[in-house]
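Student: what follows is a predicted structure for the sequence shown.
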Amino acid sequence: MRRLTGKTGYLLVIIVLFALVLGWTWEALAEDPVVVGSKEFTEQLILGQLTIQVLEANDIPTVDETNLGGTIILREAQEEGEVDLGWEYTGTALITHLGFEDPITEPEEAYRIVRDEDLERNNLVWLNYAPLNNTYTIMMRREDAEELGIETLSDLAAAINEGVQAPEPGQWIFATNHEYSVREDGYPGLTEHYDFFFERTQIMDTGITYGALRDGDVALGMGFATDGRIDGFDLVTLEDDKNYHPVYNAAPVIRADTLERYPEIEEILQPLIERLDDATMQRLNALVDIEGYEPDEAAAEFLEEEGLI
């Protein structure tokens, strides 16, 4: 066998070393995936699956940690490095995470504040926000609202304070999830802002409030403005005529160190961000909550239709 000497030998060694280094690099990337988390409700599950599928289609490995729980659970996981990327709402970050007391109703102002403050305080990077504004809303059955002439939250407060008979079940019972019942921009502030109280509140999972209202178990319920069940169950949202609820534009929030590892994520997600307006999100939510799709199925159908995967 002929020995390799001189330049040929050195060249072979360099090629082998380069191949080994390249192999280790790809292996390192494969073992360093982006952990995508979400809260537990439908819209968040869909947003998580949209993100996972777009990243995977662009050769960025992911770990699915969607459906973690409520707002605080997701935020703590992200701050502790257990989650790299998740979608958050500007109003939630402003009030719950950053401690601002006054709601902001202008989308760009709210986004600018949470973007700058979250980066400085928590090293979390807000990518651009989507057009969708999933603000809290108070719902009634359409027939009840029309019969009682209630279109706004001020109308509701006046009806309750004047002793108007409540629709089914005959009391002014309000269905709400636990989070809204206690958070600063939720039920306690709402009743103070509009100066009224329900006869009783009933705490239940978010997904149950829509059905409970539709079925007459409660007179009103809290919901989210982009939920597909509002139209699907013939419910109406009462106008927040005194601008109590902050804006809740959704945006991907990523750890700064993760974005340093994968800077291309910002460009990859931008086309998705631009397409998510209220009507689109309502349709996606309805696919899951009314038509029985799984969140990953709804995400895949939308991404294929839009040519994003």
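Tutor: Here it is on my side, so go on.
Student: burial check on Ala57, number of neighbours?
Tutor: 12 (other Cβ atoms under 10 Å). Bear in mind the C-beta positions are built from the backbone N, C-alpha and C, glycine included.
Student: also Arg142?
Tutor: Neighbour number of Arg142 under other Cβ under 10 Å is 14.
Student: ramachandran coordinates for it?
Tutor: Arg142 adopts backbone torsions of phi -60, psi -40, taken as degrees, to the nearest 10.
Student: so who does it touch?
Tutor: Arg142 makes contacts with 234-236, as judged by Cβ atoms under 8 Å, 6 or more residues apart in numbering.
Student: if we take those residues, which one ends up nearest to Tyr244?
Tutor: When those are ranked by distance to Tyr244 (Cβ to Cβ), Val236 comes first, at 17.6 Å.
Student: can you check which strand is longest in the protein?
Tutor: In the chain, with assignment by DSSP state E, the single longest strand is strand 62-69.
Student: show me what that one is packed up against.
Tutor: Here strand 62-69 touches strand 34-39, helix 42-57, helix 71-79, going by 3 or more Cβ pairs under 8 Å, 6 or more residues apart in numbering; DSSP states H and E.
Student: quick one on the thing from earlier: buried subset of the contacts of Arg142?
Tutor: Using 16 or more other Cβ atoms under 10 Å as the burial test, the contacts of Arg142 include 235-236 as buried.
Student: adding secondary structure and pLDDT, write the contacts of Arg142 out as a markdown table.
Tutor: Formatted as a markdown table, those follow (DSSP: H, G, I helix; E, B strand; the rest coil; pLDDT from 0 to 100):
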| residue | secondary structure | pLDDT |
| --- | --- | --- |
| Asp234 | coil | 95 |
| Leu235 | strand | 96 |
| Val236 | strand | 95 |
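Student: quick one: which of the contacts of Arg142 is nearest Thr226?
Tutor: Leu235 (13.4 Å).
Student: which non-adjacent residue is nearest that closest one?
Tutor: Spatial nearest neighbour of Leu235, chain neighbours left out: Met139 (4.6 Å); criterion: Cβ to Cβ, 6 or more residues apart in numbering.
Student: tell me, how many residues neighbour that neighbour?
Tutor: Neighbours of Met139 (other Cβ under 10 Å): 26.
Student: and Ala157, by the same measure?
Tutor: The burial count for Ala157: 19, using other Cβ under 10 Å.
Student: and the pLDDT at it?
Tutor: On pLDDT, Ala157 comes in at 98.
Student: quick one on the thing from earlier: the helices and strands packed on strand 62-69: which one's closest to Arg255?
Tutor: Arg255 sits nearest to helix 71-79 of all the helices and strands packed on strand 62-69, at 6.6 Å, using Cβ to Cβ.
Student: so which elements touch that closest one?
Tutor: When contacts are defined as 3+ Cβ pairs under 8 Å, 6+ apart, helix 71-79 sits against strand 34-39, strand 62-69, strand 85-89.
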